[in-house]
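Asker: any chance you could fold what I've pasted below:
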Amino acid sequence: MIRISILSTGYIEYTIELANSLSNYVDVSLFLPSNISGSDEYSKLISKKVKCHLFHLPRMSNFKAVFALKKVVDKILHSKPHILHLQDSGHPFLFLWTLFLRKIRIVNTIHDPKPHFGDLMTKGRFGVYLGRFFSKHFLVHGPELRDKLIKYYNINKEQISLVPFGGPTSLISNISTKIPSKKKEVLFFGRIWPYKGLKYLIKAEPYIREKISNFKIIIAGKGEDLEKYKKIMKNPNNFEIINYRLGESERISLFERSYIVVLPYIEASQSGITPCSFSLGKPVVATKVGSLSYFIDHGFDGYLVEPRDSKSLSKYIINLLSDDKLYHKMSSNALVKSKTTLSWNYASKCTIKSYNKVLKIKS
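Answerer: Sure, this is the predicted structure:
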């Protein structure tokens, strides 16, 4: 059986989901920092099939992080993997110890090839630049992201594979896919930074109100100061704002309440919100940016509009809120996709195919 070691210092929930699914087919050792926000909650999600190794990781500003990573490298070598799978190059300091990993083939998932506009939490691309020199193969979540790796980092197309991903199984297993019967609630969920285009959804509200009276827009997430968004709300009573990190039970309740999910982004890489929404039978209205069109089929399980176009955004939101037959059809299509090409099982099979390519094993 192929032995895989996965190292991640970010994208923790994604990494756990992938490791759990991969463990049905290969031997998986997972290396994660123990001192991250929500670590207790995350540790409960890890499958018993996965060999989990937790380690303390000091901040990057603390030079002790360099030596902490050396200990992780030693543990990885002890697990004798055929492949080391990194998330976003693992850590900017990992390159200092790659000489010790020279006999191991490294696969690298790049989630964000370039920093997002206005996102103060997104780190620089230093790790991606370095990743070019020690990675045999790269995984991305859409054709647009592959094109960025080629353009900005001069990586060969043959070294890049497209791999989708699924929704959070911890959320899905506890939630009802029953369509809400009360007020039709439109959900904006996730981090709030300029690139998320929240203001365009807010500006769409008066257009929606002209056609639909029984609706509300929920804004749930943290990021920049929301005061500037509140100032452009024409009808504040049509909005509900949840401006803190939600616990699991709160997230479950929020998605259960929601009718559709809207992603009005002005730029993006990928979005975990889309597969999550589809897994719950919620159609998505999104913009044509990043890999969102890789996840959403226009008119089948959601709608795609041009960024910064509040009127078009409102048009398709109105379509879904006003036509129950259309809504049920799209909801059903979204559920089917979540169990096929946007499932973790499918994602793990695509990932293993890339492993086999690196190891020169015929699939």
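
Asker: break down the stretch 51-200 of the chain into its strands, ranges please.
Answerer: All strands of the stretch 51-200 of the chain, identified by DSSP state E, counting those that start in this stretch, fall at 51-55, 83-87, 105-109, 137-140, 160-162, 184-189.

Asker: strand partners (parallel or antiparallel) of the first one?
Answerer: Just to be clear, that refers to strand 51-55. Using DSSP bridges, the strands paired with strand 51-55 are strand 27-33 (parallel).

Asker: try the fourth one
Answerer: With DSSP bridges as the criterion, the sheet partners recorded for strand 137-140 are strand 105-109 (parallel), strand 160-162 (parallel).

Asker: now render those as TSV, adding mean neighbour count and mean pLDDT.
Answerer: (C-beta placed from N, C-alpha, C; glycine too.) Listed next are those as TSV, based on neighbours: other Cβ atoms under 10 Å; pLDDT from 0 to 100:
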stretch	mean neighbour count	mean pLDDT
strand 105-109	23	95
strand 160-162	18	96
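
Asker: could you dump these to a markdown table with distance to residue 314?
Answerer: Output for the strands paired with strand 137-140, formatted as a markdown table (distance: least, Cβ to Cβ, whole Å):
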| stretch | distance to residue 314 |
| --- | --- |
| strand 105-109 | 36 |
| strand 160-162 | 32 |
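
Asker: and these: which comes nearest residue 329?
Answerer: Closest to residue 329 of the strands paired with strand 137-140, according to Cβ to Cβ: strand 160-162, at 27.4 Å.

Asker: what's around residue 48, how many residues?
Answerer: The tally of other residues near residue 48 (other Cβ atoms under 10 Å) stands at 8.

Asker: residue 30 versus that one, what's the distance?
Answerer: According to Cβ to Cβ, to the nearest Å, residue 48 and residue 30 sit 12 Å apart.

Asker: list the contacts of residue 198.
Answerer: By Cβ atoms under 8 Å, 6 or more residues apart in numbering, the residues touching residue 198 are 188, 192, 219, 229, 264.

Asker: for residue 191, see how far away it is.
Answerer: 10 Å.

Asker: show me which helix or strand of the protein is least confident by mean pLDDT.
Answerer: For the chain, counting by mean pLDDT, DSSP states H and E, helix 169-172 ranks last in confidence among helices and strands (a mean of 66).

Asker: tell me which residue lies farthest from the centre of this protein.
Answerer: Residue farthest from the centre of the chain, counting by Cα atoms, centre = their mean, is residue 210 at 33.7 Å.

Asker: give the contact list for that one.
Answerer: The contact partners of residue 210, by Cβ under 8 Å, 6+ apart, come to none.

Asker: how about it, phi and psi?
Answerer: phi -60, psi -30 (degrees, to the nearest 10).

Asker: same thing with residue 6?
Answerer: phi -120, psi 130.

Asker: for it, the count of nearby residues, please.
Answerer: Using other Cβ under 10 Å, residue 6 has 25 other residues around it.

Asker: residue ranges with poor pLDDT in the stretch 51-200 of the chain?
Answerer: The model of the stretch 51-200 of the chain has pLDDT under 70 over residues 115-130, 170-182.

Asker: change it to 90
Answerer: 59-63, 92-93, 95-96, 98-99, 112-134, 152-154, 167-183, 191 (pLDDT under 90).

Asker: residue boundaries of the helices in the chain?
Answerer: Ranges of helices within the chain are 12-22, 39-43, 64-78, 126-134, 143-153, 169-172, 198-211, 227-230, 248-257, 273-279, 292-295, 310-322, 324-339, 344-359, based on DSSP state H.

Asker: give me whichever of those helices is most buried.
Answerer: For the helices of the chain, the largest average neighbour count (mean count of other Cβ atoms under 10 Å) is found in helix 273-279, namely a mean of 27.

Asker: follow-up on the earlier one: would you mind giving the strands of the stretch 51-200 of the chain as TSV with distance to residue 341 added?
Answerer: As requested, the strands of the stretch 51-200 of the chain are exported to TSV (distance: least, Cβ to Cβ, whole Å):
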stretch	distance to residue 341
strand 51-55	28
strand 83-87	21
strand 105-109	18
strand 137-140	16
strand 160-162	11
strand 184-189	22
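
Asker: name the nearest residue to residue 309, sequence neighbours excluded.
Answerer: Distances taken as Cβ to Cβ, 6 or more residues apart in numbering place residue 200 nearest to residue 309, at 7.3 Å, with adjacent residues excluded.

Asker: contact partners for that neighbour?
Answerer: Counting by Cβ under 8 Å, 6+ apart, the residues that residue 200 touches are 264, 266, 307, 308, 309, 310, 313.

Asker: try 7 Å
Answerer: 264, 308, 310, 313 (Cβ atoms under 7 Å, 6 or more residues apart in numbering).

Asker: can you lay out those as TSV showing distance to residue 274?
Answerer: Formatted as TSV, the contacts of residue 200 follow (distance: Cβ to Cβ, whole Å):
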residue	distance to residue 274
264	13
308	20
310	20
313	16
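
Asker: which residues does residue 291 contact?
Answerer: Residue 291 makes contacts with 141, 142, 144, 145, 269, 270, as judged by Cβ under 7 Å, 6+ apart.

Asker: wait, which of the residues you listed is closest to residue 351?
Answerer: Comparing the contacts of residue 291 against residue 351 with Cβ to Cβ places residue 141 closest, at 11.5 Å.

Asker: per-residue pLDDT, residue 220?
Answerer: For residue 220, the pLDDT comes out at 95.
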